[in-house]
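Chemist: Provided below for reference: sequence and predicted model.
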Amino acid sequence: MHLWWVYLHILGALLFMLAHGASAAVVFRLRRERDPDAVRTLLRLSQLTVGPAYLALAVLLIAGIWAGIEIGAWTGGRWWLWASVGVLVLVLGAMYTLLTPTLIRWRELVGDAGTGVDATELDVELSKPGPMMGASLGLVGILVILWLMVFKPF
Ligand code: HEM
């Protein structure tokens, strides 16, 4: 049974990356895209994938926590497990402070199709460094969590 929980945990991680990859691609593309209609479409695409990404994250977390309980890893001094939870919390903090509020602001700026968009303000907002910092922290977080899972260094 334990292997099935590990299977679900890895499946959750793969599905999360599949869904969240859309947000990642959008935030990289928006460094150069300045056409309000294209910006609006890209932001909608990212928004559509947030729900599925949360669902996959829940599967990843529930199965991972349970797999850890089954082998007594939470109380067995396997600090790599606690460290990975710590890194995940840091990445979520980066998402909620550097990415989510900025994308909300961008959505407000482009509004619905047909509303006037201030091109200069849009350019200033899309050029801010926060989202790229958040994305970089997210990527580093993925590398560190994967390293902790595979090498179990402490
Ligand atoms: C372990 C890795 C990651 C986790 C757990 C994670 C999780 C999250 C969560 C929970 C949100 C909040 C969604 C909301 O607004 O409710 C979010 C937003 C976002 N993340 Fe990540 N993320 C990770 C890595 C990344 C990476 C590597 C990138 C980009 C290269 C990225 C780009 C974004 C973007 C663009 C948003 C805003 C989505 C939107 O509002 O449409 N994330 N992330």
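Modeler: Structure's in. What do you need? Numbering: from 1, shown residues only.
Chemist: does the residue in the chain that the ligand sits nearest to sit in a helix, a strand or a coil?
Modeler: Residue nearest to the ligand within the chain (CB to the nearest ligand atom): G138, separated by 2.8 Å. Glycine gets a C-beta too; all of them are placed from N, C-alpha and C. Using DSSP: H, G, I helix; E, B strand; the rest coil, the structure places G138 in helix.
Chemist: and V91, how far from V26?
Modeler: 18 Å (CB to CB, to the nearest Å).
Chemist: near the ligand, which residues of this protein show up?
Modeler: Residues of the chain lying close to the ligand by CB under 6 Å from any ligand atom are 20, 23-24, 27, 46-47, 50, 91-92, 95, 99-100, 103, 135, 138-139, 141-142.
Chemist: tell me what the helix or strand encompassing A13 is packed against?
Modeler: Assigned by DSSP states H and E, A13 belongs to helix 2-29. If you count contacts as 3 or more CB pairs under 8 Å, 6 or more residues apart in numbering; DSSP states H and E, helix 2-29 packs onto helix 36-70, helix 130-151.
Chemist: I'd like these as TSV, with mean neighbour count, distance to L3 and mean pLDDT appended.
Modeler: Formatted as TSV, the helices and strands packed on helix 2-29 follow (neighbours: other CB atoms under 10 Å; distance: least, CB to CB, whole Å; pLDDT from 0 to 100):
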stretch	mean neighbour count	distance to L3	mean pLDDT
helix 36-70	16	9	97
helix 130-151	16	15	98
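Chemist: isn't L99 right up against M133?
Modeler: No: L99 is beyond contact range of M133, at 9.2 Å (criterion: CB atoms under 8 Å).
Chemist: residues touching the nearest residue to the residue of the chain closest to the ligand once chain neighbours are set aside, list them.
Modeler: Among residues not flanking G138 along the chain, V91 sits closest, at 5.5 Å (CB to CB, 6 or more residues apart in numbering). Contact partners of V91, counting by CB atoms under 8 Å, 6 or more residues apart in numbering, are L137, G138, G141, I142.
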